[in-house]
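K.L.:
Sequence and predicted structure below; questions after.
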Amino acid sequence: MHELVAHVDVNSAYASFERVFDPSLEHRPLVVLSNNDGCVVTASKEAKALGVEVGEPWFKLAPLAPSTGLVSRSSNYELYGDLSRRAMEVIARFGPWLEVYSIDEAFLGLGPRAAAGDLAALGRQIRGTLRRLVGVPVCVGIAPTKTLAKLANKTAKKIPAFDGVCVWEATHPQWRAKLLSQLPVSEVWGIAGRLEKRLAALGISSIADLAAADPVMIRDRFNVVVMRTVLELNRIPCIPLEEARQGKEQLIVSRSFSTPVTTRAEMRQVLTVYAQQSSARLERHHQAAKLLTAFADTSHYAQDHSFPTVLVPLPAPTTDPVVLARAAQKLLPRLEEGTGYARAGILLADLRPATGQQALEPFRYRHEEQGIATLLDQVHQKVGKEYLGLGHAGLRPGPQWRMKREMLSPRATTHWDELAIVKAS
């Protein structure tokens, strides 16, 4: 008996996360905005009912908000990340393995014995537990393969009769066949864009068409990944659990500015802040970097688009924020004073497992075998990033170029001065 897989997905994740600590947002049209409050990245079902679409710029929607009741929030990445972590911990309780696929969805192994139980009841239990312990609504799709589990989840989300839980094998075969013949192939996990057009050229336009295709022909015309999709649609598991990677292949810290950066002095502060953040992330992943790329970029709509960059091989694999900041600042001579740069970033590559060798780096501060990057990260996580910085990254008040988040909700689980307050009456 094949193992069954559940796909658990938080509904309109960012909007749902916002509602956890602000129940007044329930049942109201709500949008969450991108960096610098630019455009919509998440819209609640109530906002979608008003015709709001992901990607719409906020400046066009703002004048309509008072008459439509539309509410907006800036992206609260700290809150979303923490609530996502809590949700994944709860989901993991219901099966022998969990694969976190993104911030709002995961695959859960149910084991072969689960097929003998009431799978719909299990799905409802998962939904109820997440709603009670974390406060977020989810949909659950259960099937023999990951591809079908994702499809079952979409079905549970779009068809009210399923009440948020779809057990694919429990649906009537004739109903499944009719559904697959009506759904476009783009509804399948991983099929979109040019691939969809290439399949259409072969007469494959619906999911049923793709499921009926010859897997060997699909492999020869496309690749083994699409062949696996065909097999998975036919209940043959081909996409195994992806084990969590030990570290990352590369690491990037980059943000768009709320106001353009026009001087080298300002950009020095930007690069120092980003070097400090990069160092902390390296420490968390127990990695060290051997190669650094720093870049700046003007707006793509600027008359004279400019994208200065510098590639700096580091003397040795490092996590030291001082070394990273000095390397990143080699970009400064390539900048033109007075040019308005819209964003900048640091890319770290050639990442390697951190070893005790980093302790021998010159000017490395260590206390009980902890580096300055770890020390800074611990301070930031405890009291906030504004209270301690390295060199130019420690200047206060905060820089004008920082990401604009004028509609930011409280970071209720990660910042002491913004913690949710509960009162008993």
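P.N.:
On my side now, so go ahead.
K.L.:
I'd like the distance from stretch 413-425 to the chain centre, please.
P.N.:
Between the centre of stretch 413-425 and the centre of its host chain there is 26 Å, according to Cα atoms, centre = their mean, to the nearest Å.
K.L.:
Any stretches of the chain with poor pLDDT?
P.N.:
Counting by pLDDT under 70, the low-confidence segments of the chain come to 1-2, 112-117, 242-248, 356-403, 425.
K.L.:
tell me the centre residue of it?
P.N.:
The centre of the chain sits closest to Ile103, judged by Cα atoms, centre = their mean, with a distance of 4.8 Å.
K.L.:
my guess is Gly190 is in a strand, correct?
P.N.:
No - according to DSSP: H, G, I helix; E, B strand; the rest coil, Gly190 belongs to no strand; its state is coil.
K.L.:
I figured it was touching Val225, is that so?
P.N.:
Yes - using Cβ atoms under 8 Å, Gly190 is in contact with Val225, at 7.1 Å. Every C-beta, even on glycine, is put in place using the N, C-alpha and C of the backbone.
K.L.:
rewinding a little: tell me the spatial nearest neighbour of the residue nearest to the centre of the chain, not counting adjacent residues.
P.N.:
Setting aside the residues directly before and after it, Ile103 is nearest to Ser84 in space (Cβ to Cβ, 6 or more residues apart in numbering), at 4.6 Å.
K.L.:
wait, what's in contact with that neighbour?
P.N.:
Counting by Cβ atoms under 8 Å, 6 or more residues apart in numbering, Ser84 touches 10, 13, 17, 103-104.
K.L.:
Looking at the residues you listed, which are in strands?
P.N.:
Residues of the contacts of Ser84 located in strands (DSSP state E): Val10.
K.L.:
And the contacts of Ser84, which is closest to Ala289?
P.N.:
Ile103 (24.5 Å; Cβ to Cβ).
K.L.:
could you measure the closest one against Gly38, distance?
P.N.:
From Ile103 over to Gly38 the distance is 19 Å, taken as Cβ to Cβ, to the nearest Å.
K.L.:
now do Ser102
P.N.:
Using Cβ to Cβ, Ser102 is found at 21 Å from Gly38.
K.L.:
Between those two, which is the more surrounded one?
P.N.:
Per other Cβ atoms under 10 Å, whichever of Ser102 and Gly38 has more neighbours is Gly38, with 15 against 10.
K.L.:
Scan the protein for its longest helix.
P.N.:
helix 264-284 (DSSP state H).
K.L.:
thinking Ala327 is in contact with Leu292, fair?
P.N.:
Yes - applying Cβ under 8 Å as the test, Ala327 and Leu292 come out as touching, 4.7 Å apart.
K.L.:
Identify the contacts common to these two.
P.N.:
Joint contacts of Ala327 and Leu292 (Cβ under 8 Å, 6+ apart) are 312, 314.
K.L.:
In the stretch 1-150 of the chain, mark out all the strands, start to finish.
P.N.:
Using DSSP state E, counting those that start in this stretch, the strands of the stretch 1-150 of the chain run over 4-10, 30-33, 40-43, 71-73, 97-102, 105-111, 138-143.
K.L.:
typo on my end, it should be the stretch 301-425 of the chain
P.N.:
Going by DSSP E, counting those that start in this stretch, the stretch 301-425 of the chain shows strands at 309-318, 341-353, 366-367, 370-371.
K.L.:
okay, the contacts of Ser84 in JSON lines with distance to Leu122 next?
P.N.:
Converted to JSON lines, the contacts of Ser84 look like this (distance: Cβ to Cβ, whole Å):
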{"residue": "Val10", "distance to Leu122": "18"}
{"residue": "Ala13", "distance to Leu122": "22"}
{"residue": "Phe17", "distance to Leu122": "24"}
{"residue": "Ile103", "distance to Leu122": "24"}
{"residue": "Asp104", "distance to Leu122": "20"}
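K.L.:
Could you identify which of the contacts of Ser84 has the most neighbours?
P.N.:
Top of the contacts of Ser84 by neighbour count (other Cβ under 10 Å): Phe17, with 27 neighbours.
K.L.:
In contact with the nearest residue to Val188 once chain neighbours are set aside, which residues?
P.N.:
Leaving aside its sequence neighbours, Val188 sits nearest to Ile207 (Cβ to Cβ, 6+ apart; 5.7 Å). Ile207 makes contacts with 151, 180-181, 183-185, 187-188, 233, as judged by Cβ under 8 Å, 6+ apart.
K.L.:
just checking, which of those residues belong to helices?
P.N.:
Per DSSP H, the subset of the contacts of Ile207 in helices is 151, 180-181, 233.
K.L.:
Thank you kindly, that will do.
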